[in-house]
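# Next come a sequence and a model predicted from it.
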Amino acid sequence: MESNIRFIQGNEAIVEGAIYAGVQFYAGYPITPSTEMAEILSEKLPRIGGTFIQMEDEISSMCAIIGASLTGLKVMTATSGPGFSLMQEAIGYAVMAEVPSVVVNVQRGGPSTGLPTSVAQGDVMQARWGIHGDHSIIALTASSLKDAFLMTVEAFNLAETFRTPVILLFDEVVAHMREKVEIPQPGEIEVVGRLHTSVPEGTDYHPYLTREDGRLPMSDFGGVHRYNVTGLVHNMWGFPSTDPKVSYDLLHHLVDKLENRADNIANYKEYFIEDADIVLISYGSSARSALQMVEERRKRGIKVGLLELQTLWPFPAKTVREKCEGCSHVLVVEMNMGQICQEVKKAVSRPEKVYLANRFDGIFISHTDILRTLNMIQGKGV
Amino acid sequence: MSAKDYLRQSFFPHMWCPGCGHGIVMGNMLRAIEGLGLEKNEVVVVSGIGCSSRMPGYLDFHTMHTLHGRALAFAMGVKMGRPELTVIVPMGDGDAAAIGGNHFIHAARRNIDLTAIIMNNRIYGMTGGQFSPMTPFGEMGTTAPYGSIDHAFDLVELAKGAGASFVARTTAYHVKEMTDIISKAITHKGFSMVEVMSQCPTYYGRKNKLGSAVDMLKRFKDDTAPIGSKKKEQYPDMIERGIFKEEDAPEYSASYQALVERQQS
């Protein structure tokens, strides 16, 4: 087979991943630093028979992809901080109505309009808790363009498997850098399709009746089953209900379907963890600097390792605890004021051994920034 | 088939107050669908939030009850996903003209083939009677205890100005006219806006001392006149009813399909 090696930008790698996963519908609104995805898809989607629409804002973009998903299509939108804030209302709807959808948020400096062209990882908690009410959500990230491609395919797969919105939480550095990417051949990576109900026409179909394996088969709008979709608490028919038991069961279902599988569905990479005395935990572009520092220190015989998280939510607490069990210190590297650091402290058995190396000033965190904190931990001063 | 065959009767009773106009609109919408001979599986009804937006749950079509103001944005995704389906969007006046105002003008501008039926009762009913963008200047609401100082939209002018290719107004009193207009709106290829003046005796009527539901319906008869009628000529303050605009214009989903065909050929 002919190899397909390309030298592309991060946003283009995400688009390639989406196309590989079978995206058929995109609705979006221009915003830096994610706009290239809309531009590329506006050119590519019509050629493959897909649909690209530019909406009047991010609110309607998220709403439109949910509507299109219910007609049986694989859908996505892409945005950055301010647009992600506007999408929260409809992301909550997709959680409640269990509509597969993929939302890319290329993080930039915030809050508010913040730093539109600078890097940050400040939306980690917004991805988790941006919508109101108890819920769970999946958020994935990556540090290289190859992984950005793979995580995008994974996002579509998880969205279909769990009937949920999936957030792709990239950052400006990953979205805008250029790197060599080998696009896999068709069939090389698993692509999960829409699970359709086997209930025949004329027989009652319950859109919210969970199968034994926990999955909920769907039926496309325009097909032979007619049912109701609502953002209200609903029963197995999709009809609104205020019955406390219906409410209790639905919330448990929405949370448990993801949280109970957190460590099974977690994607992560590890470097030199086995004998590490100090474990760095990082994700996204920060993990590149963390890895550089780890490799340099290893050359000097210092036992440091790196756990690179690719699944941020649901947080893989058990995995983090196990990987950090034998080390004396944990150093979380991220470009915010400690959003994942707090999760790590909750996960490990000794939270007092967790330190933070960070930047949140729009400048990419370097290996020397991280080294400064490492030296401090080792009592070498700064 | 009769209109009631399109109902999900197991989900009744409905939640509308006695005397509410929305049930009349639902009945006439179903008569229009029946008259057009549409199959249940060909119709999608998408709504937002509010009293009128509870309608889809009672209907045996593909139905979606979404977010306040966002029904047209969801409907846009449905229509672009499956352009062959008939997509109807029942809305309230607060839903369509306040929180959803932006989606409304942009759906109209694109001229996408959706039928927006705006039940205008001039009040937020579900939250208990606050003034809406359709409450006339000086009228009362629970958040306008001294009379509203806001000015109301003219939905017909708004829809025309935004680019809708089918624009009409009728009332809950004029049931045959309503069925006929909704039928034409559904058939029309492009964005159709039908404003139906609907009565809310519970809040708008009570707050503004308009009497019973019957009294309010009688006002729709007395205070409105067909477009260009003698009655309108004689009494220029009458609210006009009828089809204000019906024109052929490029429809959005068809334009997109043509674009795809050009790129693939």
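Thanks, I have the structure now. Residues are numbered from 1 along each chain as shown, chains lettered A, B, ... in the order given.
# Okay, residue B:204 and chain A: tell me how far apart.
Between residue B:204 and chain A the computed distance is 25 Å (Cβ to the nearest Cβ, to the nearest Å). For glycine as for every other residue, the C-beta is placed from the backbone atoms N, C-alpha and C.
# Pull up the per-residue confidence for that residue.
Residue B:204 is assigned a pLDDT of 98 by the prediction.
# quick one: it from residue B:193, how far?
21 Å (Cβ to Cβ, to the nearest Å).
# For the two, work out which one has more neighbours and name it.
Neighbour count, other Cβ atoms under 10 Å in any protein chain shown: between residue B:204 and residue B:193, residue B:193 has more, with 30 against 25.
# Name the next helix or strand downstream of the host helix or strand of residue A:252, please.
Per DSSP states H and E, residue A:252 falls inside helix A:244-259. Counting by DSSP H and E, the next helix or strand C-terminal to helix A:244-259 is strand A:268-271.
# Centre of the chain to that following strand, how far?
Put simply, strand A:268-271 sits 17 Å off its chain's centre (Cα atoms, centre = their mean, to the nearest Å).
# Likewise for stretch A:36-43?
Mean-position distance between stretch A:36-43 and its chain equals 20 Å (Cα atoms, centre = their mean).
# With stretch A:77-93 instead?
How far stretch A:77-93 lies from its chain's middle: 13 Å, per Cα atoms, centre = their mean.
# cool, and stretch A:312-321?
14 Å.
# where's residue B:183, which helix or strand?
Per DSSP H and E: helix B:175-187 holds residue B:183.
# List, one by one, the residues from chain B near chain A.
For chain B, the residues in contact with chain A (Cβ under 8 Å from any Cβ of the partner chain) are B:8, B:11, B:40-42, B:44, B:46, B:56-57, B:60-67, B:70, B:72-82, B:84-85, B:102-103, B:106, B:256, B:259-260, B:263-264.
# repeat that for 7 Å
Contacts of chain B with chain A, taken as Cβ under 7 Å from any Cβ of the partner chain, map to B:11, B:40-41, B:44, B:56-57, B:60-67, B:70, B:73-78, B:80-82, B:85, B:102-103, B:106, B:256, B:259-260, B:263-264.
# Select from these every entry located in helices.
Of the positions in the residues of chain B next to chain A, B:73-78, B:80-81, B:102-103, B:106, B:256, B:259-260, B:263-264 sit in helices, assigned by DSSP state H.
# just for chain A, where's the confidence low?
A:1-2, A:381-382 (pLDDT under 70).
# that older thread, do the helix holding residue A:252 and chain B meet?
No - counting by Cβ under 7 Å from any Cβ, chain B has no neighbours in helix A:244-259; the shortest distance is 14.4 Å.
# residue in chain B nearest to chain A?
residue B:77 (2.7 Å; Cβ to the nearest Cβ).
# Can you get me a residue count around the residue nearest to that residue when sequence neighbours are not counted?
Spatially, and ignoring its direct neighbours in sequence, residue B:77 is nearest to residue A:67 (2.7 Å; Cβ to Cβ, 6 or more residues apart in numbering or on different chains). For residue A:67, the neighbour count with other Cβ under 10 Å is 33.
# Could you do the one 3 residues further on as well?
A count of neighbours around residue A:70, defined by other Cβ under 10 Å, yields 28.
# Kindly report the same for the one 10 residues further on.
The local packing of residue A:80 (other Cβ under 10 Å) involves 28 other residues.
# tell me the contacts of it?
The contact partners of residue A:80, taken as Cβ atoms under 7 Å, 6 or more residues apart in numbering or on different chains, are A:31, A:32, A:33, A:34, A:105, A:106, A:107, A:108.
# Format those as a markdown table; extra columns: neighbour count.
Shown next, in a markdown table, are these (neighbours: other Cβ atoms under 10 Å in any protein chain shown):
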| residue | neighbour count |
| --- | --- |
| A:31 | 21 |
| A:32 | 14 |
| A:33 | 24 |
| A:34 | 29 |
| A:105 | 27 |
| A:106 | 31 |
| A:107 | 31 |
| A:108 | 27 |
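# Now flag whichever of those residues is closest to residue B:215.
Of all the contacts of residue A:80, residue B:215 sits closest to residue A:31, with 51.5 Å by Cβ to Cβ.
# where do the helices sit along the stretch 51-200 of chain A?
Taking DSSP state H, counting those that start in this stretch, the helices of the stretch 51-200 of chain A run over residues A:58-70, A:81-97, A:124-129, A:145-162, A:172-176.
# would you turn those into JSON lines with distance to residue A:51?
Formatted as JSON lines, the helices of the stretch 51-200 of chain A follow (distance: least, Cβ to Cβ, whole Å):
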{"stretch": "helix A:58-70", "distance to residue A:51": "7"}
{"stretch": "helix A:81-97", "distance to residue A:51": "18"}
{"stretch": "helix A:124-129", "distance to residue A:51": "26"}
{"stretch": "helix A:145-162", "distance to residue A:51": "16"}
{"stretch": "helix A:172-176", "distance to residue A:51": "23"}
